[in-house]
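In: What would the 3D arrangement of this be:
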Amino acid sequence: MIESTVFIISAPSGSGKSTLVHRLLASVPNLVFSISYTTRQPRPVETNGVDYIFISRKDFEERLARGEFLEHAEVFGNYYGTNRETFESATHQGKDLVLDIDVQGARQLKVAIPQAISIFVLPPSKEVLEQRLRSRSQDSEEVIQRRLRGAAEEVQNYTQYDFVLINRDIEEASARLASIVEAERQRKARMEEEVRPILESFEKIK
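Out: I've put the predicted structure just below:
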């Protein structure tokens, strides 16, 4: 059984990452989204078990002690983590796994799964990012400023990623993200099982 290819997608908050991921899942077949566990409170537009799996800090720390997470990170005082069973389930289904995680988590996951493909989404500028954060009307001024400071640190890590995607236009960025996934699926190692019977068919005419 071929292991799932893991696609890690990271970006500063407000970069359009969630929209890009939703479009990717809708346009490219055989992808499974890894729903992260978190201890933060859900936003009004979020649904438990769809956007995140919301659990208590105590529950998270108990799961962490049992080694249930492939990666975890603490961001702005809240835990986030990826359950190991998600990867195992995707492999069993013969599907690839998409993760929406931050820089800390991506770094850990690349250690656990070195062959994972990492993609960093950049906003066109700090000004555009701030405009997008404000247009959501979800955060206080203090939170917006905190997210901007966090973004300034996060964007410095783009060199650690396999691909960088600048989200100037959502249609263009969505198409490029899908093309990255499709191209990675055509790598020789992934195609081995499909190629073998074709080669064997040519053996018959020697």
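
In: Now do the helices in the chain.
Out: 17-27, 57-65, 84-93, 103-112, 126-135, 141-154, 170-185, 188-203 (DSSP state H).

In: if you compare these, which one is most tucked away?
Out: With neighbours defined as mean count of other C-beta atoms under 10 Å, the helices of the chain peak in mean count at helix 103-112, which reaches a mean of 18. C-beta: built from backbone N, CA, C; applies to glycine.

In: ok now that helix, how far from the chain's centre?
Out: On the basis of C-alpha atoms, centre = their mean, to the nearest Å, helix 103-112 is displaced by 11 Å from the centre of the chain it belongs to.

In: which other helices and strands contact that helix?
Out: strand 6-10, strand 69-75, strand 78-83 (3 or more C-beta pairs under 8 Å, 6 or more residues apart in numbering; DSSP states H and E).

In: now the angle between strand 78-83 and it, please.
Out: 30 degrees (axes from the mean of the first three to the mean of the last three C-alpha atoms, to 10 degrees).

In: which residues sit against helix 103-112?
Out: Identification of contacts with helix 103-112 by C-beta atoms under 8 Å, 6 or more residues apart in numbering yields 6, 8, 10, 70-73, 75, 80-82, 99, 101, 116, 118, 154, 157, 160-161.

In: now do 10 Å
Out: With contact meaning C-beta atoms under 10 Å, 6 or more residues apart in numbering, helix 103-112 is reached by 6, 8-12, 34, 36, 69-75, 80-82, 84, 87, 99, 101, 116-120, 150, 153-158, 160-162.

In: Quick one, which of the residues you listed are buried?
Out: 6, 8-12, 34, 36, 69-73, 75, 80-82, 87, 99, 101, 116-120, 150, 154-155, 158, 161 (16 or more other C-beta atoms under 10 Å).

In: which regions of this protein sit below the pLDDT cut-off?
Out: Counting by pLDDT under 70, the chain has low-confidence residues at 1-2, 188-190, 205-206.

In: how close does residue 101 sit to residue 81?
Out: Using C-beta to C-beta, to the nearest Å, residue 101 is found at 9 Å from residue 81.

In: likewise residue 149?
Out: Residue 149 is 23 Å from residue 81, by C-beta to C-beta.

In: Tally up the residues packed near the residue nearest to residue 129 when sequence neighbours are not counted, please.
Out: The shortest distance from residue 129 to any non-neighbouring residue, by C-beta to C-beta, 6 or more residues apart in numbering, is to residue 123 (4.0 Å). A count of neighbours around residue 123, defined by other C-beta atoms under 10 Å, yields 23.

In: Repeat that for residue 102.
Out: Residue 102: 19 surrounding residues under other C-beta under 10 Å.

In: residue contacts, it?
Out: By C-beta under 10 Å, 6+ apart, the contact list for residue 102 reads 10, 11, 12, 13, 36, 71, 73, 75, 80, 150, 154, 157.

In: Closest one of the residues you listed to residue 170?
Out: residue 11 (12.9 Å; C-beta to C-beta).

In: Can you give me every residue that contacts the closest one?
Out: 17-18, 20-21, 100, 102-103, 119-123, 129, 151, 154-155, 158, 165, 167.

In: Now residue 43. Its backbone dihedrals?
Out: phi -80, psi 160 (degrees, to the nearest 10).
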